[in-house]
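A.B. asks: Need a 3D model of the following:
(one chain, ligands or ions: 2)
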Amino acid sequence: MLLENKVVLVTGASRGIGRATAVEAARQGADVAVNTFRDEAAAAEVVAEIEALGRRAVVFDADVALPESATGFVQAATQAFGRVDVFVSNAGVCPFHAFLDMPVETLRRTMEINLHGAYFMVQAAANQMVKQGEGGAIVAISSISALVGGEMQTHYTPTKAGVHSLMQSCAVALGRHGIRCNSVLPGTIATDINKDDLADPKKREYMEGRIPLGRLGRPEDIASVVAFLASDMAGYMSGAALLVDGGAFANFQ
Ligand SMILES: NC(=O)C1=CN([C@@H]2O[C@H](COP(=O)(O)OP(=O)(O)OC[C@H]3O[C@@H](n4cnc5c(N)ncnc54)[C@H](O)[C@@H]3O)[C@@H](O)[C@H]2O)C=CC1
Ligand SMILES: C[C@H](O)[C@@H]1OC(=O)[C@H](O)[C@@H]1O
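C.D. replies: Residues are numbered from 1 along each chain as shown. Ligands and ions are numbered 1, 2, ... in the order given. The predicted structure follows:
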């Protein structure tokens, strides 16, 4: 098992990639602190899945956009499990909208959840890891959107480039404490975040057609890579970005 007896914290873990990551961490032997936001029934399901794997889970309901959520989450996890070994910054939103009439509030909220939220959370986790004095691993969910544009994602793609950049700077800032910081760049993964966008069969077919491996990603495709980066198997990786997109980015012409 890759994460035996580790304590893993995951933000936005009630659904999609975060949920698969929390469950994979438990499968790999970890106890898991699960941040959710106003999603009680789904939170109870993920806890049940973790416990069914013989591991412990604790839920912390909070909006990642608020700085106090970050300190609260880390404190709750530390109270429950005594320490923080791995932190996964995953929570994110992507309300598709055109550029020319982007509502200020949509831009602001997307930035506050995806980028500021990641910053506050990673900072709080890193402080706890430094206090423990035994290093740690931080993984942030960026995106293929850190590398390419999207007509309806002008508010979103900069946050994903920012999240990867945050991991690079944190790798530099935290290396002396033995804390590794990396990002995962998923391609198109079928989750609630793009359910409406991909409900159009033409769009879905087009996206599938661009992927050399012939299918959209599943949350589990990302969760296994996060587990690897969080584990000692990736012990000399820091400041790196792993693109997990079925080959989509390479498929330009
Ligand atoms: N699905 C995809 O194609 C891709 C997703 N990503 C990223 O993966 C991450 C997870 O997204 P998905 O699992 O696809 O979406 P999802 O919609 O299935 O899950 C998002 C999770 O974040 C939580 N969340 C949303 N706002 C929150 C807030 N303010 N505070 C705390 N939690 C909050 C939701 O409750 C949910 O659990 C996001 O950061 C997204 O940008 C990156 C690349 C591709
Ligand atoms: C939400 C989108 O479908 C998804 O989010 C990303 O980060 C990917 O680039 C996809 O566009």
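
A.B. asks: Regarding residue 84, which helix or strand does it belong to?
C.D. replies: Assigning secondary structure by DSSP states H and E places residue 84 outside every helix and strand.

A.B. asks: what's the burial count for it?
C.D. replies: Residues near residue 84, counting by other C-beta atoms under 10 Å, number 25. Backbone N, C-alpha and C define where each C-beta goes, glycine included.

A.B. asks: Would you confirm that it contacts residue 125?
C.D. replies: Yes. Assessed by C-beta atoms under 8 Å, residue 84 is found in contact with residue 125 at 5.7 Å.

A.B. asks: which residues touch whichever residue of the stretch 1-150 of the chain sits closest to ligand 2?
C.D. replies: As assessed by C-beta to the nearest ligand atom, ligand 2 sits closest to residue 143 within the stretch 1-150 of the chain, at 3.2 Å. By C-beta atoms under 8 Å, 6 or more residues apart in numbering, residue 143 lies in contact with 157, 160, 163, 185-186.

A.B. asks: what separates it from ligand 1, distance-wise?
C.D. replies: Residue 143 sits at a distance of 3 Å from ligand 1 (criterion: C-beta to the nearest ligand atom, to the nearest Å).

A.B. asks: for that residue, phi and psi?
C.D. replies: With angles defined as degrees, to the nearest 10, residue 143 sits at phi -180, psi 160.

A.B. asks: Contacts for the helix or strand bottoming out on mean pLDDT in the chain, please.
C.D. replies: Lowest by mean pLDDT, DSSP states H and E among the helices and strands of the chain is helix 201-209, with a mean of 94. With contacts defined as C-beta under 8 Å, 6+ apart, helix 201-209 is touched by 188, 197-198, 214-216.

A.B. asks: Any idea how far that helix is from the middle of the chain?
C.D. replies: How far helix 201-209 lies from its chain's middle: 25 Å, per C-alpha atoms, centre = their mean, to the nearest Å.

A.B. asks: Quick one: list the elements packing against the next helix or strand after it.
C.D. replies: Using DSSP H and E, the helix or strand that directly follows helix 201-209 along the chain is helix 219-230. With contacts defined as 3 or more C-beta pairs under 8 Å, 6 or more residues apart in numbering; DSSP states H and E, the packing partners of helix 219-230 are helix 16-27, strand 86-89, strand 136-141, strand 179-186, strand 241-244.

A.B. asks: Determine the number of other residues adjacent to the closest residue to residue 20 other than its chain neighbours.
C.D. replies: Ranked by C-beta to C-beta, 6 or more residues apart in numbering and with sequence neighbours excluded, the top spatial neighbour of residue 20 is residue 219, at 3.5 Å. Residue 219: 19 surrounding residues under other C-beta under 10 Å.

A.B. asks: What of residue 48?
C.D. replies: Residues within reach of residue 48, counting by other C-beta under 10 Å, total 11.
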